[in-house]
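Peer 1: Fold the following, please.
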Amino acid sequence: MQVIKGVPTPLEIVVGEIAKGYANALARLCECLRLRKEYAGDLELASVADTVMKALAEERPVEAGPVRVEVRRKILGRSLRAFLRGQEVDPDELLSKISQARSRAAWLQSDCSDSAILEPVYATNDRDAIEYAVRHLDELSNVCGGASLQLEGLDMPQYVKEGIRRGVERFLAGR
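Peer 2: Below you'll find the model as predicted:
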């Protein structure tokens, strides 16, 4: 096969596509890690939402996650006091915050699912590149903190290793 100067070979094109896929996947992964950390309070609140909403509806006390609901008996009925992270809030305000937290949690779960994060790698249509990403997602998340990947000794084609290496370099250069 004759190589024309200035025109990439098919192998170079594949390596470039793998690099592009990994760079984009790492960008998504790191952004999702940042968002999960930033909205950890909302995720915690969303995880106890059903319990808290049921307690408010039934006017019974509950302590779940960052929420505490107290019921005080009065002459003509009961009154509810709600506390979110130690601060007293109106029960309606608490329900509003729960709704926002559930919405944010659903958004994060959808946009930051493993398949959503790895979508750019899936687009490469390279079985080895996809398999590595799926099996080593935790290792890939370490790149967000500046760690490097150890690709030596892995049983995969050299062009895939080169594509992953270039993708990590491209991602780190763009930060």
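
Peer 1: All the helices of the chain, in order from the start?
Peer 2: For the chain, the helices defined by DSSP state H cover 10-38, 40-47, 49-58, 91-111, 114-117, 119-122, 127-135, 137-142, 158-173.

Peer 1: Can you give me the buried ones in the fourth one?
Peer 2: Going back to what we said before, that points to helix 91-111. Neighbour counts over helix 91-111 (16 or more other C-beta atoms under 10 Å) mark 94, 95, 97, 98, 101, 102, 104, 105, 108 as buried. No exception for glycine: its C-beta is placed from N, CA and C like everyone else's.

Peer 1: hmm, back to that, redo the helices of the chain as a markdown table? Include mean pLDDT and distance to residue 81.
Peer 2: Listed next are the helices of the chain as a markdown table, based on pLDDT from 0 to 100; distance: least, C-beta to C-beta, whole Å:
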| stretch | mean pLDDT | distance to residue 81 |
| --- | --- | --- |
| helix 10-38 | 96 | 29 |
| helix 40-47 | 95 | 17 |
| helix 49-58 | 94 | 11 |
| helix 91-111 | 95 | 8 |
| helix 114-117 | 95 | 40 |
| helix 119-122 | 97 | 46 |
| helix 127-135 | 95 | 48 |
| helix 137-142 | 93 | 41 |
| helix 158-173 | 94 | 49 |
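
Peer 1: Could you pull up the residues touching the residue found closest to residue 28 once you drop the neighbours it is linked to in the chain?
Peer 2: Take residue 28 and drop its neighbours on the chain: the residue closest to it by C-beta to C-beta, 6 or more residues apart in numbering is residue 117, 4.9 Å away. Counting by C-beta atoms under 8 Å, 6 or more residues apart in numbering, residue 117 touches 25, 28, 29, 32, 137.

Peer 1: just the buried members of those?
Peer 2: Among the contacts of residue 117, those classed as buried by 16+ other C-beta under 10 Å are 25, 28, 29, 32.

Peer 1: Now do the contacts for the second one.
Peer 2: Right, the one you point to is residue 28. For residue 28, the contacting residues are 112, 116, 117, 119, 120, by C-beta under 8 Å, 6+ apart.
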